[in-house]
Structures are given as C-alpha cells and as structure tokens.
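Participant: One predicted model, sequence on top.
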2 protein chains.
Amino acid sequence: MTGPEPTDQEPAGARGGGRDRRPTMADIARHVGVSRPLVSIVLRGAEGASDATRQRVLRAAAELGYRPDSLAQGLRSNRTRHLGVLFALRRPFEVELVEQMFPVVERLGYHLLLGATTAFRGQEAVTDELLRYRCEGLVVVGPELDGHRLEPVAEEVPVVEIGRRVTRGPVDVVRNDDAFGTRQAVDHLVSLGHRAIAFVDGGDNPGAEDRRAGYAAAMAAHGLAAEARVVPGGYTEDEGAKAAGLLLSDRLPTAVIASNDLSAIGLLDSVLRAGVRVPHELSVVGYDDSRFARLPGIDLTSVRQDVPRMAELAVQAVVERLDLPPREPRDVALPPQLVVRGTTAPPP
Amino acid sequence: MTGPEPTDQEPAGARGGGRDRRPTMADIARHVGVSRPLVSIVLRGAEGASDATRQRVLRAAAELGYRPDSLAQGLRSNRTRHLGVLFALRRPFEVELVEQMFPVVERLGYHLLLGATTAFRGQEAVTDELLRYRCEGLVVVGPELDGHRLEPVAEEVPVVEIGRRVTRGPVDVVRNDDAFGTRQAVDHLVSLGHRAIAFVDGGDNPGAEDRRAGYAAAMAAHGLAAEARVVPGGYTEDEGAKAAGLLLSDRLPTAVIASNDLSAIGLLDSVLRAGVRVPHELSVVGYDDSRFARLPGIDLTSVRQDVPRMAELAVQAVVERLDLPPREPRDVALPPQLVVRGTTAPPP
DNA sequence: TTGTAAGCGTTATCAC
DNA sequence: GTGATAACGCTTACAA
C-alpha cells in the first residue's frame, strides 16, 4: 500500500459542513407516523398497506430523497438478485456480449454486476469479488483454459460459460458452433476455386480448438487434406502478424482463414506491407464479425456469431438454475453465419 | 415485468441437495473456540490478537473456505471503499480509460464498481444503482450535456467528470486540452501546405465544443479564417459518413479534421468509396488515437489523449475529497499530442 | 391494515 | 488479549 493511509473513519468529503446522512426507512416512518416495516411494504410494492398510507409513504420518500440501500436489502433478504458477469474489457466481442445481457437480465428481474478482467486483475480475483457481493449466479465469457478453476465456484452458485466448456459439473454452456463456422469459411473459399487454404491457429483461446477441427474436417471433406496447413497463432493482432511472417517466409497459400478478426487484421497488415494484394493474390477470412471487420479499409470477410441470442440464452440458463429445480447441464451451440466482404475473391 | 414472476424465496439452484450455506465469522469462531469479534480482528488484520490465535483463525478460515461478505461489511462499517465509474460500454475510448483506473483505485485502497451505460440504461439509472450500492465517490466519463443533472449527486458524494465540465459545484474535472489538440492538427496540415481545411463537428459530445473552437482559433491564427468550414457531424461512423456526403456534394477541401476517430473512419470510408485518394487528394485527421486509428488499413493521423494520466488524476481527485478536507474544485486540462500516420500528406 | 420483535453478517464499543 | 453487547438498514415472521 503506497497511497495515503486508508483511514477507517467516516469519509469527510462532500459532506460540506455537516450534511445530513442519507434518509432511511426509519426517517420516512417517523415522518409519516407509521412503523418501519410498513414503509418497507409500501416501497417494495408488496401487499398489505392501504392506499392512503401508500400515498403518504411514497410522498414522504420522494420528499426526503430516499434511496433504497442495496447492501442492507441483500443482507437481510438473503437475495441480492444480482448476476455477475466475468469478461475481458479489452475484447470487443465480449463487451458486445455483455451489453446485450442488460435487457435480458432486467426483464427477468435481476441486475448485472460487471466483473471486468484486465491486465491487472485475473479471473480468479474478479470472481472472488463478485462472490463477496453475493452474486447469485455467474456468467463467464471466454473462460480461461488453464486459469482459474471454476468447479468450486459452480458448487456455490450457478455458472454459465460462454464460448466453450471448460468446467465439469453442473455448468451450462452457450457457444457458437465453431467447427461449423470454419467449415463455412472453407466451403466459401473452395467454391471460389481455392485449394491451398491455410489456417492461422487460435492457440488455447475460447473456440480456437473447434475452429481448427472444423477447418481440418472441411478440408478433408473437400479432398484437400493434403493442402491443409495450420500455422501457430492466437487472438491478437501481433500473433496474426507473426503468422503472416511464417506464411510469407515459406510458400504463400491462395487463402488464409484466421481464427479471429484481430488476428486476421494483423495478418492483413503484414501481407499488405509485404506487397501482397488482397484479395487478388491472397484471400483472408476472419472470425467474429467484430466492429473491426466492418470497418472501411478492412472490410473483412468473417464469420458472425449470434451475439444477442448467446447473451439471452446464457442469462436464461443462470436464472433457470436459480428459480427452477436442478436439471442436466445444457450445452447449446448456435450456428454462426459467414459474412462475405471484400477480402475474399477467386485465386489468381 | 414480462418474465417469470420473481419469487422472493431462497434461490434453489446450485444448492444441489442441501448444500451448506457459506461459512461466516461465527462458524470460524465456533471452529476455533474464540469469539466472533476476535475473528473479525484477525481477518481484518487489525491489532489486538495474539499471534497464536491469529494463526488458528486464519487456518480455520482457509479450511472452511471463508469469504468475507462485502454487503455486511459495508453496512456495518459504513465504509464500502467503493468508487463508482459511469461510462459508455460502446465507446472504446471510455473503456480504455476505465481499464486504466483499476490499478490506481487498487493502490489507494479502494475498489471500482462499474456503471456501464448502454442503449438500454441511461446515466441517471446507472448513477442511482451505484449510489444504492453505497459508492463513496463517482467518476463520470463523458458526462451527458443535456442528460441527467449531477448537481444533487455531487451533494451526496464526491464527483469527478472526465472529458468536460458539465456540473456546477464542488466537482473536479479532468480533461485534455481539446482546443490545443485541434490546433496541433491544423498546424500540422498547414505546415504540409494545406489551406482549405474543413472540420467535422462533434455536436454536443464531450470535448466537441472545445475542439471546434480550437480549430476556428488556429485557422484564424494562420490567416485562414476565410477558409474555415465547419460541417455538422458527431462521434459515430455514421455521422462521419454523412459529413463526407456534404463535403463531396459541395466542393472538397484538401484536408479534413474530424472531431473523433470513429467519425474520421466513417468519413474515410465514404470518400474512399467515392474514389477520392487518401492522403493524395484528401488528408484526414482524427481525434483520440483509439485502437481503430492504429489499425492497418486505417493508419489514421490522430490526436492522442494521455489516457493513463487522466485515469490517475480522476481517481486521485475523488479519493482526496474522500480522505482530505474540502478544497476548491479543480479543473485539469492535459496537453494532447498529435500522432502523424498515413492519412496526412501535402495537398495535390 | 398495522405494529412488534428478531435477525441477516459484520464491525464498533466497551468491559474484563 | 479477549469476549459480550449493540448496531448498521432492511425484511421476515407473527401478533394485534
């Protein structure tokens, strides 16, 4: 701890010269002349209060500027109605997924607590923080393969994984059919006349394994097993650029499928700088159909995942486990869709 | 409420067949054979416990898998040590800023509570949620101009605005010197030989007003007031594209400064599709130096804000108001820096 | 319909 | 150094 010594006293700031503490239900009760529980009933919208008192209580609450205390509510009722979501702030795909969760969570009567992993905080620390806040369920976007083990967490609260299954036990999984995605990419390229189609691997990132398998299977299905070529890579621009280096230094295929958009973009950059014309001499396909893929100047052919649907299914799965009796773990794989843009064309 | 009727009962899920409730301090106390407050002392690392009991308590806590309850802690101690941050999940610039806040907040002994505004939840709703959770301070990134009024909030907790001042009262502001940023852009273009330099406006978005003013002032300073031309726009790709339409349908300048990167990218797309060569026939400058600007295929000359420094200053300002006696509101404007890339060149 | 009593898990205050 | 007791703000019983 290098900063100012944290004092355990009441914070001084903002209370510019003896401001009142924030009003509680007791204040409202006193103000109206009823008991505290009655105020609670009214503010929760529960049954058991006359319309007359209801009016008076609500009026007083508004007057006093009352705001419910989520801490006290959660503590006492043993029900926070909060769902935690673990995701990486740097991954546009995951951020988009989280954004789509809000309306779903709201509709089911819950709230979303964001657990963002960053360069400074791994999945384990963030999970712990969410659980301290008594999240009732957890959605893990892009769970780490060798990282934090979620099994013990899944014993405590319902857990849903998005992107791939990493955890054994009663954990639901929502993902897209990654193998089908790369198969569509291969089909598309083959239909354009390509045969020498390389694949930039995604390492141990979410979905990467299936994308690789789908590529291999599709190549084999087209009788191109001998042409199949997997280059090591990852989900970042740097790794895509490195993969490009490997391809350039050896023999160049007529088409490359990258295991995600960022990697495709890094690869694009490298080959373009090396003087390779895209799509004239080399076709490139990405995966995710992220915001980047749609950018002018990139205009990347890519495989789109159904993000809103994934968000909806994931949240629903957690809530079901919360509100309904236990059931078998579910594993949903949504069909992705190839979006053809400017980086694919017939081979030279 | 259209979803399943929220039951107020205890959640059924995950407790697969009578799982134990999570252990509390009382459990540890019983396990070790000491009083509950003593356990509290040990776990908080406070003084007043012998090394012997300290060991035993810590061991028992680990054994039982104890996890502190933030709700109860916050409620009782009246000190959550949580700082809320309001930001838009869709704005890469704001996300980056938030990411940089984590280590700072941590270092000062606080935690960050993310309040993401989305298409579905505006600043007002999110602020309310953060305050219900007893955030002790609030960082507002890119405060809305005509939106939610923060004055009453600032009465309750310290508030810092990032990007521009919107709120009167004891609110600190951290921003970049937007006028200086666009001035650098103009200087750069003029030094390349440009005279017909247009500006795509940012509407009422954070910083837009000062960027426009800086543009106008710089043009005047170069004796180019007559050449100055402000086209209506915004901070999105769409608005940039629309602005491009306006420029194309009239007379094309030799250079354009867009009020942010996304708008510049939308503009780029439109002019490129119209057959205009960049930077040969038209130079383009953005603002923010976002991840997009650095992408190959975009390679946008842009104005960089010092994001980590802004994050640090903002957090420090809130914590100061929390821990230190009241002081005058502070308004810091950091100097941005022009980053020259491939979209600017001498005029034809 | 309303009020009383108790308790959620923790920390603060006091005795011993 | 340690333990009993009260309290944070709210909800859940149950009694009136």
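Facilitator: Here it is on my side, so go on. Numbering: from 1, shown residues only, chains lettered A, B, ... in the order given.
Participant: Need the residues that contact stretch A:111-119.
Facilitator: Defining contact as C-beta atoms under 8 Å, 6 or more residues apart in numbering or on different chains, one finds that stretch A:111-119 is touched by A:81-90, A:98, A:101-102, A:105, A:123, A:126-127, A:129-130, A:133, A:135, B:98-99, B:102, B:114, B:116, B:129. No exception for glycine: its C-beta is placed from N, CA and C like everyone else's.
Participant: So which of those belong to strands?
Facilitator: Cross-referencing the contacts of stretch A:111-119 against strands under DSSP state E gives A:82, A:83, A:84, A:85, A:86, A:87, A:88, B:114, B:116.
Participant: At which residues are the strands of the stretch 151-300 of chain A located?
Facilitator: Along the stretch 151-300 of chain A, counting by DSSP state E, counting those that start in this stretch, strands occupy A:159-162, A:172-176, A:197-200, A:229-231, A:255-258, A:283-288.
Participant: With respect to residue B:54, which of the ones you listed lies nearest?
Facilitator: Set against residue B:54 and scored by C-beta to C-beta, those come closest in strand A:159-162, at 33.6 Å.
Participant: who's in contact with that closest one?
Facilitator: For strand A:159-162, the surrounding residues in contact (C-beta under 8 Å, 6+ apart) are A:97, A:137-143, A:150, A:153, A:167, A:171-175, A:310, A:314-315, A:317-318.
Participant: Give me the buried entries from those.
Facilitator: Neighbour-count burial (16 or more other C-beta atoms under 10 Å in any protein chain shown) is assigned, among those, to A:97, A:137-143, A:150, A:153, A:167, A:171-175, A:310, A:314-315, A:317-318.
Participant: Can stretch A:22-40 be said to contact DNA strand C?
Facilitator: Yes - using C-beta under 7 Å from any atom of the strand, stretch A:22-40 reaches DNA strand C at A:33, A:34, A:35, A:36, A:37, A:38.
Participant: how long is that stretch end to end?
Facilitator: 16 Å (C-alpha to C-alpha, to the nearest Å).
Participant: Tell me the buried residues in that stretch?
Facilitator: Using 16+ other C-beta under 10 Å as the test for burial, stretch A:22-40 gives A:23, A:24, A:25, A:27, A:28, A:29, A:31, A:32, A:34, A:38, A:39, A:40.
Participant: so the first one sits right up against residue A:66, yeah?
Facilitator: Yes - distance between residue A:23 and residue A:66: 4.9 Å, which falls inside the contact criterion (C-beta atoms under 8 Å).
Participant: and stretch A:277-287, how far from the chain's centre?
Facilitator: Computed by C-alpha atoms, centre = their mean, to the nearest Å, the chain-centroid distance of stretch A:277-287 equals 28 Å.
Participant: and that stretch, anywhere near chain B?
Facilitator: No - between stretch A:277-287 and chain B, judged by C-beta under 8 Å from any C-beta of the partner chain, nothing touches; the nearest distance is 9.5 Å.
Participant: got the contact list for that stretch?
Facilitator: Taking C-beta under 8 Å, 6+ apart as the rule, stretch A:277-287 contacts A:181-182, A:185, A:188-189, A:192, A:194, A:207, A:211, A:252-261, A:263-265, A:267-268, A:271-272, A:276, A:293, A:300-303, A:338, A:342-345, A:347-348.
Participant: Quick one: name whatever helix or strand follows the helix or strand of chain A with the lowest mean pLDDT.
Facilitator: Sorting the helices and strands of chain A by mean pLDDT, DSSP states H and E puts helix A:291-294 at the bottom, at a mean of 84. For helix A:291-294, the succeeding helix or strand toward the C-terminus, using DSSP states H and E, is strand A:301-304.
Participant: and the helix or strand following that following strand, anywhere near chain B?
Facilitator: Later in the chain than strand A:301-304, the nearest helix or strand by DSSP H and E is helix A:307-323. Yes - contact of helix A:307-323 with chain B (C-beta under 8 Å from any C-beta) involves A:318, A:319, A:320, A:321, A:322, A:323.
Participant: next one: stretch A:136-148
Facilitator: Yes - Stretch A:136-148 reaches chain B (C-beta under 8 Å from any C-beta) through A:136, A:137.
Participant: Can you give me the end-to-end span of that stretch?
Facilitator: Start-to-end, stretch A:136-148 (C-alpha to C-alpha) is 19 Å.
Participant: dump the residue contacts of the residue in the stretch 101-250 of chain A positioned nearest to DNA strand D.
Facilitator: When distances are taken as C-beta to the nearest atom of the strand, the stretch 101-250 of chain A reaches nearest to DNA strand D at residue A:134, 12.5 Å away. The contact partners of residue A:134, by C-beta under 8 Å, 6+ apart, come to A:74, A:80, A:82, B:69, B:70, B:71.
Participant: residues touching the residue nearest to the first one when sequence neighbours are not counted, list them.
Facilitator: Spelled out, that is residue A:74. Using C-beta to C-beta, 6 or more residues apart in numbering or on different chains and skipping residues adjacent in sequence, the residue nearest residue A:74 is residue A:80, 3.9 Å away. Taking C-beta under 8 Å, 6+ apart, we find residue A:80 in contact with A:70, A:73, A:74, A:133, A:134, A:135, A:136, B:71.
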